[in-house]
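Engineer: please work out how this folds:
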Amino acid sequence: MEERENPNLESATPSYAKNWETLPGKLPPRPDAEIKSDVESALFRDPNVRSYEVNVEVQNGVITLRGTVDDEFARRAAEDDARAVPGCREVRNELQVKSPAR
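Structural biologist: Numbering: from 1, shown residues only. Prediction:
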């Protein structure tokens, strides 16, 4: 018996997966601009971090934090905020802790 291709097979593929090779259960990666916006929002809402002193860059889901923060607690809080954002693959925390005023 000859096998035929099913003409309806392509229409059964979800539209979000047609142009992206996925493994079952995986979603396509989020755009870097969306991730950056979500990280900046999370930092803004966190009372432990002065977000205006933190620069956020995202490339292929890798988040880089640069700038200065008041203490080690704020440095860790900023990293935790970034890591919690959907689409984050890795966080590079390059934040510097301010020197205490003398």
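Engineer: can you give the contact residues for the lengthiest helix in the chain?
Structural biologist: Longest among the helix segments of the chain by residue count, using DSSP state H, is helix 32-45. Applying CB atoms under 8 Å, 6 or more residues apart in numbering, the contact partners of helix 32-45 are 49, 51, 54, 56-61, 63, 78, 81-82, 84-88. C-beta: built from backbone N, CA, C; applies to glycine.
Engineer: let's see 6 Å
Structural biologist: By CB atoms under 6 Å, 6 or more residues apart in numbering, the residues outside helix 32-45 that reach it are 49, 51, 54, 56, 58, 63, 81-82, 85, 87.
Engineer: quick one, which of the residues you listed has the minimum pLDDT?
Structural biologist: On pLDDT alone, residue 51 ranks lowest of the contacts of helix 32-45, at 78.
Engineer: tally of neighbours for the closest residue to that one other than its chain neighbours?
Structural biologist: Distances taken as CB to CB, 6 or more residues apart in numbering place residue 43 nearest to residue 51, at 3.8 Å, with adjacent residues excluded. Residues contacting residue 43 under the criterion other CB atoms under 10 Å number 22.
Engineer: how much space between residue 43 and residue 33?
Structural biologist: For residue 43, the distance to residue 33 equals 16 Å [CB to CB, to the nearest Å].
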